[in-house]
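Enquirer: Turn this into a model:
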Amino acid sequence: MNLEPNDLQLFARVVDAGSFSRAAERLGLPKSTVSRRVAALEAQLGERLLLRTTRKLTVTDFGLAVFEHAHHVDEDVAAAASLAQNRQIEPSGRLRITMPSDMANIVLAPLLAEFVVKYPALTLEVDLSARFVDLVGENFDVAVRMGELRDDASLAARRIATFTVSLYAAPAYLAAHRAPSEPEALMEHEALRNLSRAGDAMPWVLTRGDARWEGIPPGRATANSPEFLMRMALAGAGITVIVDHFALPYLQRGELVQVLPDWRLPSVSAWAVFPGRRLMPARTRVLLDALAAKFTTEECHAVDAAVQTSKMRARRQREETERRSQRGESHA
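Expert: Presented below is the predicted three-dimensional model:
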């Protein structure tokens with residue numbers, strides 16, 4: 001059975017209006033056309049939807065059941081029309097965003113600068129606090145969040161990127177503390193640890209093939225800001241977990257060195273989270289499109305390739321240094 005959505009929509013309008021005449025007037029159609037199409041729908045369904053008299057229009061039990069679905073069709077058509085109209089509107093007004101400070105400062109600041117230039121009728125308000133913002137309650141448009149998301153039926157989410165992460169330390173730190181060759185050796189080092197939402201230090205989970213190690217190395221610094229921990233690592237304070245995307249410039253300049261390069265840590269997803277409204281405001285839509293473009297372009301793939309190239313170069317340099325050291329020891 002192939003029902004015509006237009007006839008379902010027309011039936012819903014008749015029920016809402018309470019009469020064929022009023023529905024025909026609102027739709028700008030002849031009453032005879034409306035009556036004929038509803039009759040054709042009844043014939044196709046095989047049951048009466050409406051009982052007609054000269055004074056009254058009554059919806060049958062079956063008609064009420066069909067009306068519920070027909071009303072959804074009518075709403076969806078209206079929503080699609082509104083969406084099309086909304087996409088043609090110039091984004092304007094205040095766009096409230098919340099995101100981690102490291103994501104904003106290291107990755108997204110240039111994108112947001114281009115964004116405000118492109119849409120002069122928009123005003124950005126960006127919250128960089130570490131707190132978990134209530135988007136609906138505090139009237140935010142978008143949150144950029146890292147890692148696992150909480151279940152919340154009032155929100156929708158779009159994955160915008162997946163980042164690889166690694167252990168890093170400054171060359172000065174590794175010169176003063178022998179670089180670990182196995183994860184167990186991390187327990188003898190100073191760790192710069194990320195703070196979980198529960199207020200505890202997050203464990204480090206490393207894998208190599210079927211081998212797995214999990215632990216919380218000792219450390220004298222724990223913080224809820226990965227960027228802050230990276231700055232401490234750059235200053236030689238210890239080993240920390242850093243998103244490779246963030247570490248790239250320091251890796252290329254030799255200011256950071258990957259620790260335990262043969263072991264992997266779980267990747268981290270970045271999400272754009274927004275209120276699950278039926279119709280998305282134009283300002284939210286263009287920001288989501290910009291975020292999606294940022295992490296699906298050749299530039300993003302080039303960053304990933306540059307990270308891997310820098311890691312391989314640093315590894316070859318370490319291996320060459322070790323060979324020279326061994327040759328020096330053998331000559332001695």
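
Enquirer: Next up, the contacts around the closest residue to Ala221 other than its chain neighbours.
Expert: Leaving aside its sequence neighbours, Ala221 sits nearest to Leu192 (CB to CB, 6 or more residues apart in numbering; 5.0 Å). Placement of C-beta: from N, CA and C, glycine included. Residues counted as contacts of Leu192 (CB atoms under 8 Å, 6 or more residues apart in numbering) are Gly219, Ala221, Thr222, Ala223, Leu229, Met232, Ala233, Ala237, Gly238, Ile239, Thr240.

Enquirer: mind running it again at 6 Å?
Expert: Applying CB atoms under 6 Å, 6 or more residues apart in numbering, we find Leu192 in contact with Ala221, Leu229, Met232, Ala233, Gly238, Thr240.

Enquirer: ok, the residue nearest to the spatial centre of the chain to Leu229 distance?
Expert: By CA atoms, centre = their mean, the chain has its centre lying nearest to Trp271, at 1.7 Å. Distance, Trp271 to Leu229, by CB to CB, to the nearest Å: 21 Å.

Enquirer: and what of Pro266?
Expert: As judged by CB to CB, Pro266 and Leu229 stand 17 Å apart.

Enquirer: next one: Asp210
Expert: Taken as CB to CB, the span from Asp210 to Leu229 is 30 Å.

Enquirer: Quick check: bridge partners of the residue nearest to Ala221?
Expert: Beta-bridge pairing for Leu192 (DSSP bridges): Ala221, Thr240.

Enquirer: So what's the predicted local confidence for it?
Expert: Looking at Leu192, its pLDDT is 96.

Enquirer: ok, back up a step: more neighbours, Asp210 and Leu229?
Expert: A count of neighbours by other CB atoms under 10 Å puts Leu229 above the other of Asp210 and Leu229, at 27 against 5.

Enquirer: Just the element for that one, please.
Expert: Taking DSSP states H and E as the criterion, Leu229 maps to helix 226-234.

Enquirer: I'd like the distance between Met202 and Glu25.
Expert: Here Met202 is placed at a distance of 65 Å from Glu25 (CB to CB).

Enquirer: Burial check on Thr296, number of neighbours?
Expert: For Thr296, the neighbour count with other CB under 10 Å is 12.

Enquirer: Low-confidence bits of the stretch 101-250 of the chain, can you list those?
Expert: Scanning the stretch 101-250 of the chain for pLDDT under 70 picks out no residues.

Enquirer: Quick one: the helices in this protein, in order.
Expert: Under the criterion DSSP state H, the chain contains helices at 5-17, 20-27, 31-45, 61-87, 101-102, 109-118, 171-176, 226-234, 244-252, 282-294, 298-331.

Enquirer: between these, which gets nearest to Ala143?
Expert: Closest approach to Ala143 among these (CB to CB): helix 282-294, 11.2 Å.

Enquirer: ok, back up a step: surely the residue nearest to the centre of the chain is in contact with Arg145?
Expert: Yes: here Trp271 lies in contact with Arg145, judged by CB atoms under 6 Å, at a distance of 5.0 Å.

Enquirer: so how far does stretch 55-66 reach from one end to the other?
Expert: End-to-end span of stretch 55-66 (CA to CA, to the nearest Å): 23 Å.

Enquirer: An error on my part: the question was meant for stretch 259-275.
Expert: The straight-line separation of the ends of stretch 259-275 (CA to CA) is 40 Å.

Enquirer: mind listing what's buried in it?
Expert: Neighbour-count burial for stretch 259-275 flags Val259, Leu260, Trp263, Leu265, Val268, Ser269, Ala270, Trp271, Ala272, Val273, Phe274, Pro275 (criterion: 16 or more other CB atoms under 10 Å).

Enquirer: what's it in contact with?
Expert: Defining contact as CB under 6 Å, 6+ apart, one finds that stretch 259-275 is touched by 135-136, 142-147, 149, 155-165, 167, 169, 205-208, 239, 284, 288, 291, 315.

Enquirer: So which of these sit within strands?
Expert: In this view, those that belong to strands under DSSP state E are 142-146, 155-163, 165, 167, 169, 205-208, 239.

Enquirer: Buried subset of those residues as a PyMOL selection?
Expert: Listed next is the PyMOL selection for buried residues among the ones in strands among the contacts of stretch 259-275, using 16+ other CB under 10 Å:
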select buried, resi 142+143+144+145+146+155+160+161+163+165+167+169+206+239
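
Enquirer: Chain neighbours aside, what residue packs nearest to Leu167?
Expert: In space, and not counting its chain neighbours, Leu167 is closest to Val259: 4.0 Å by CB to CB, 6+ apart.

Enquirer: per-residue confidence at that neighbour?
Expert: Per the predicted model, pLDDT is 94 at Val259.

Enquirer: Any figure for the gap between it and Thr164?
Expert: To Thr164, Val259 is 15 Å away according to CB to CB.

Enquirer: quick one: contacts for Lys311?
Expert: Taking CB under 6 Å, 6+ apart, we find Lys311 in contact with Gln258.
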